[in-house]
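J.: For reference, the sequence and a predicted model appear below.
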Amino acid sequence: MSGHRVPIAPQRVNAPLTQSATFLVVSVTDKPDAIQTVRSTLADVDSLAKNVSIRDLSAQFACTVGIGSDIWDRLTGLPRPSELRPFREIKGEKHTAVSTPGDILFHIRSERRDICFEFERQLLDQLGDSVTVIDETVGFRYFDVRDLLGFVDGTANPVGLAVPASVLITEEDPSAVGGSYIVVQKYTHDLPGWKDLSTEQQERIIGRTKIDNVELDDAESGQRSHKTLNTIEDDDGNEHEILRDNMPFGSPGSAEFGTYFIGYTRRLWVIEKMLERMFVGDPPGLHDRILDFSKPLTGTTFFAPPASVLASLGSD
Ligand code: HEM
């Protein structure tokens with residue numbers, strides 16, 4: 001890597017929710033030039049983005065790149081972000097958050113499916129045989145920002161200045177300033193089972209009403225809702241938010257109904273704690289009942305370095 005200092009510009013982790021998104025997870029192959037090809041492609045992501053975004057400037061194109069723990073050292077040669085580690089499997093009594101491989105995540109967003117498609121096509125052309133695709137999920141926005149369980153999803157996301165405050169690393173980790181951790185999990189739902197529940201039962205599981213999206217009170221004891229289990233406070237009582245951009249995906253013809261979970265955070269431990277509370281339960285044994293109808297097929301952690309760091313990867 002070149003030793004010169006570049007100004008820190010985060011990637012567009014705070015891009016708005018869009019109508020379409022592609023979640024592309026790849027692994028770097030052991031072909032002789034693979035690392036070099038991946039480096040130069042990541043350094044070039046901004047110009048690839050320009051190739052397609054110019055074709056409809058109103059389509060809100062954004063692509064965020066996340067780099068996994070196992071490839072970080074070889075790919076970047078830079079100091080490791082202090083919390084970067086592989087996704088830890090979490091085994092609850094009944095459900096398991098599986099950990100699955102993946103070196104690089106491309107979170108491709110646009111109002112238009114064709115723009116996401118075209119960017120991914122040009123990107124994979126450039127990457128060639130330096131990567132193999134581990135998972136490609138195409139998400140779509142469903143009525144009123146609802147997930148396929150029928151609930152409005154994303155309401156409690158931070159807004160305004162709370163976004164960078166909860167998503168971007170600052171002075172607590174000087175070599176990772178302007179970066180963000182990303183956790184993804186691809187869930188499929190047992191929709192017939194979910195539909196057998198009454199609306200009131202579903203609302204108690206989620207912690208909000210279904211039609212008008214009003215928050216329900218937290219349970220004082222016993223079974224807690226998804227919303228309550230995902231409210232995280234540190235030892236000083238500060239609540240820590242994360243930024244989610246979940247997307248429905250699936251295909252009625254093959255009875256596939258899913259939610260692609262993606263969370264951005266400044267503190268990886270916050271998402272890990274959420275997962276522990278969901279899968280192990282709080283109190284332990286009382287897991288998040290959303291899991292009785294939602295099975296994670298993947299689980300992978302990445303770090304999205306600042307755009308300026310990505311751009312510098314090609315300069316070696
Ligand atoms: C809240 C759906 C997985 C973290 C919610 C809400 C819904 C929802 C409908 C309430 C509205 C809102 O605030 O967005 C789902 C579905 C999932 C899923 C369908 C996958 C099957 C996860 C996972 C995490 C998570 C894996 C974290 C690791 C959160 C957080 C909130 C939330 C932080 C906001 C809690 C608050 O009110 O402060 N989710 N979620 N979700 N979910 Fe999920």
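T.: Received the coordinates, thanks. From a predicted model like this one, the values you see are computed outputs, not experimental measurements.
J.: so P284 sits in a helix?
T.: No - counting by DSSP: H, G, I helix; E, B strand; the rest coil, P284 is not found in a helix; it is coil.
J.: That one: neighbour count?
T.: 11 (other C-beta atoms under 10 Å). Any C-beta I mention is one placed from the backbone N, CA and C, and that applies to glycine too.
J.: what about it, distance to D234?
T.: 20 Å (C-beta to C-beta, to the nearest Å).
J.: where does the residue nearest to D153 when sequence neighbours are not counted fall, phi/psi-wise?
T.: Closest residue to D153 in three dimensions, ignoring its sequence neighbours and counting by C-beta to C-beta, 6 or more residues apart in numbering: D147, at 4.2 Å. Per-residue torsions, D147: phi -90, psi 180 (degrees, to the nearest 10).
J.: pretty sure D147 is touching F257, no?
T.: No - if you go by C-beta atoms under 8 Å, D147 and F257 don't touch, sitting 9.6 Å apart.
J.: Just the pLDDT for whichever residue of the stretch 1-150 of the chain sits closest to the ligand.
T.: Per C-beta to the nearest ligand atom, D147 is where the stretch 1-150 of the chain lies closest to the ligand, at 4.2 Å. What the model reports for D147 is a pLDDT of 98.
J.: Could I get the contacting residues of it?
T.: 153, 246, 248, 259 (C-beta atoms under 8 Å, 6 or more residues apart in numbering).
J.: Could you report the neighbour count for the first one?
T.: D153 has 25 neighbours, counted by other C-beta under 10 Å.
J.: gap between it and I290?
T.: D153 sits 11 Å away from I290, going by C-beta to C-beta.
J.: Please apply the same query to S27.
T.: 29 Å.
J.: Those two: which has the busier surroundings?
T.: It is I290, of S27 and I290, that has more neighbours when counted by other C-beta under 10 Å, with 24 against 16.
J.: looking at this, the more buried one is in a helix?
T.: Yes - assessed by three-state DSSP, I290 belongs to a helix.
J.: isn't it right next to I206, touching?
T.: Yes - the pair I290 and I206 passes the contact test of C-beta under 8 Å, sitting 7.0 Å apart.
J.: show me where the stretch 151-300 of the chain has helices.
T.: 162-167, 191-195, 199-206, 226-229, 268-279 (DSSP state H, counting those that start in this stretch).
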